[in-house]
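Asks: pasting the structure only:
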């Protein structure tokens, strides 16, 4: 006996999602050529991923990169100022060129 079919409210009794939304999503995925089996495999793969480990690694890279950028800016303030000025002039020229068209 399928409880989802017996449910008259139109919502999944387990997760609370609308049955219409699920069918629409399934139809959309089917149009893209994604079968129910593919979705099941994807769910299984995602469950096996150590997201926290990847996030920690990404945070470490960002911290190291920002430390390097900060120390470079402290050691070379004129180079950074010149780079910002060149960037500002470049953006100004780009905007002027786009407004002419």
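Replies: Looks like it arrived, so ask away. What you are looking at is a predicted structure, and each value in this text was computed from that prediction instead of being measured.
Asks: burial count for residue 52?
Replies: 8 (other C-beta atoms under 10 Å). In this view, the C-beta of every residue, glycine as well, is placed from N, C-alpha and C.
Asks: Check which helix or strand it maps to.
Replies: Residue 52 is located in helix 51-75, with elements delineated by DSSP states H and E.
Asks: Need the residues that contact that helix.
Replies: The contact list for helix 51-75 (C-beta atoms under 8 Å, 6 or more residues apart in numbering) reads residue 80.
Asks: just the angle between the next helix or strand after it and helix 51-75, please?
Replies: Using DSSP H and E, the helix or strand that follows helix 51-75 in sequence is helix 77-100. With axes from the mean of the first three to the mean of the last three C-alpha atoms, to 10 degrees applied, the angle from helix 77-100 to helix 51-75 works out at 110 degrees.
Asks: Distance from helix 77-100 to the middle of the chain?
Replies: 29 Å (C-alpha atoms, centre = their mean, to the nearest Å).
Asks: and what of stretch 49-68?
Replies: 16 Å.
Asks: pLDDT (mean, whole number) over that stretch?
Replies: For stretch 49-68, mean pLDDT rounds to 81.
Asks: Distance check, the most centrally placed residue in the chain against residue 64.
Replies: Centrality entry for the chain: nearest residue to the mean C-alpha point is residue 55, 13.0 Å, by C-alpha atoms, centre = their mean. In this view, residue 55 and residue 64 are 15 Å apart by C-beta to C-beta, to the nearest Å.
Asks: which residues are contacting the helix or strand encompassing residue 46?
Replies: Assigned by DSSP H and E, residue 46 belongs to helix 36-47. The contact list for helix 36-47 (C-beta under 8 Å, 6+ apart) reads 26, 29.
Asks: what's the distance between that helix and the middle of its chain?
Replies: Per C-alpha atoms, centre = their mean, the centroid offset for helix 36-47 relative to its chain is 19 Å.
Asks: where in this protein is pLDDT low?
Replies: Scanning the chain with the threshold set as pLDDT under 70 gives 1-23, 101.
Asks: again, only using 80
Replies: Scanning the chain for pLDDT under 80 picks out 1-30, 36, 39-40, 42-52, 54, 100-101.
Asks: how is it carved up into domains?
Replies: 3-47, 51-100 (automatic domain parsing).
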